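K.L.:
pasted the sequence and its predicted model underneath.
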Amino acid sequence: MSHLLLLTKSTQSSVEVLPALALLPHHVKILPAEASALLDAPPCDAVLVDGRHDLAQVRSLTRVIRTTGIECALILILTEGGLAVAASDWGMDDVILTTAGPAELEARLRLGIGRVAAALDGGDPESHVISSSGLVVDDATYTAKLENRTLDLTFKEFELLKFLAQHPGRVFTRQQLLQEVWGYDYFGGTRTVDVHVRRLRAKLGTDNETLIGTVRNVGYRFVATTSEPARQTADAEV
């Protein structure tokens, strides 16, 4: 369980700002949307800033928080409209949409908190980058490139590709992938995994679709290739 500070002008609970928080076992303390509120705040793992309204004020707030010093993840909560104007110079470590589900929120919190902790410990600055077979996955920027071509992936497609690439050669059943990528709160069927694998292969292209291999009657795995692109067709879907 993480300790979170939520900076907001809302007079209601955190559920109004980010509904998925109600489904996660984190301790949330609500504070006024002011940098000075952090002066006497208790230790925390992440600071969440309510950016649903008044983006100019929110930008100033995140910048002040960053410049005055913060030793935990700073995450900005935005609506779809806010994504169009948010920029890296605002000072936040990550953004999360108000509509995000608990699995996505948990993943972003875990990654954000982990990156900041690693940086404070003097960890490898490239530890968030996975590179194999021409594929480069960067979970700090949520980007994936294949032979210098940026892949246009949805959040779940990115998470699935990243998870498989983190464990090259290891076979995962569909149920395991659902639990690891979609979360234990997901109630959809395992065919969801097949659909996302099919879409990923299409985006990887015919020369690289075999990076995601099928093990019949078991599941899927990441297949690291040699320097030459894979030329064989991906295994047939189970």
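P.N.:
Received, thanks.
K.L.:
switch to C-alpha atoms for all contacts and neighbour counts from now on
P.N.:
OK.
K.L.:
residue 21 touches residue 100, doesn't it?
P.N.:
No: counting by Cα atoms under 8 Å, residue 21 sits too far from residue 100 to count as a contact (9.7 Å).
K.L.:
looking at these two, which has the bigger crowd around it?
P.N.:
Neighbour count, other Cα atoms under 10 Å: between residue 21 and residue 100, residue 21 has more, with 19 against 16.
K.L.:
lowest-pLDDT helix or strand in this structure?
P.N.:
Ranked by mean pLDDT, DSSP states H and E, the helix or strand of the chain with the weakest confidence is helix 14-17, at a mean of 79.
K.L.:
tell me the buried residues in it?
P.N.:
14, 17 (16 or more other Cα atoms under 10 Å).
K.L.:
who's in contact with the helix or strand following that helix?
P.N.:
Going down the chain from helix 14-17, the next helix or strand is strand 27-31, by DSSP states H and E. Outside strand 27-31, the residues within contact range by Cα atoms under 8 Å, 6 or more residues apart in numbering are 1-8, 13-14, 37.
K.L.:
show the subsequent helix or strand relative to strand 27-31.
P.N.:
Once the chain leaves strand 27-31, the next helix or strand it forms, by DSSP H and E, is strand 46-50.
K.L.:
all the strands of the protein, in order from the start?
P.N.:
Secondary structure of the chain by DSSP state E: the strands cover 3-7, 27-31, 46-50, 73-78, 94-97, 129-132, 135-138, 143-146, 149-150, 172-173, 212-215, 219-222.
K.L.:
and those strands, which one's lowest on average pLDDT?
P.N.:
Ranked by mean pLDDT, these end with strand 129-132 at the bottom, a mean of 86.
K.L.:
tell me which residues in that strand are buried?
P.N.:
Those would be 129-130, 132, for strand 129-132 by 16+ other Cα under 10 Å.
K.L.:
so which of the strands of the chain comes closest to residue 204?
P.N.:
Taking Cα to Cα, strand 143-146 is the member of those nearest to residue 204, at 7.4 Å.
K.L.:
does anything pack onto the closest one? Which helices or strands?
P.N.:
On a contact count with 3 or more Cα pairs under 8 Å, 6 or more residues apart in numbering; DSSP states H and E, strand 143-146 meets strand 135-138.
K.L.:
which residues touch the strand it packs on?
P.N.:
Strand 135-138 has contacts (Cα under 8 Å, 6+ apart) with 128-131, 143-147, 162.
K.L.:
next one: stretch 5-14
P.N.:
So stretch 5-14 is in contact with 17, 21-22, 28-34, 44, 46-50, going by Cα under 8 Å, 6+ apart.
K.L.:
and these, which are buried?
P.N.:
17, 21, 28-31, 33-34, 44, 46-50.
K.L.:
what is the nearest of those to residue 168?
P.N.:
residue 46 (31.2 Å).
K.L.:
give the contact list for the closest one.
P.N.:
Contacts of residue 46 by Cα under 8 Å, 6+ apart are 2-5, 72-75, 109, 113.
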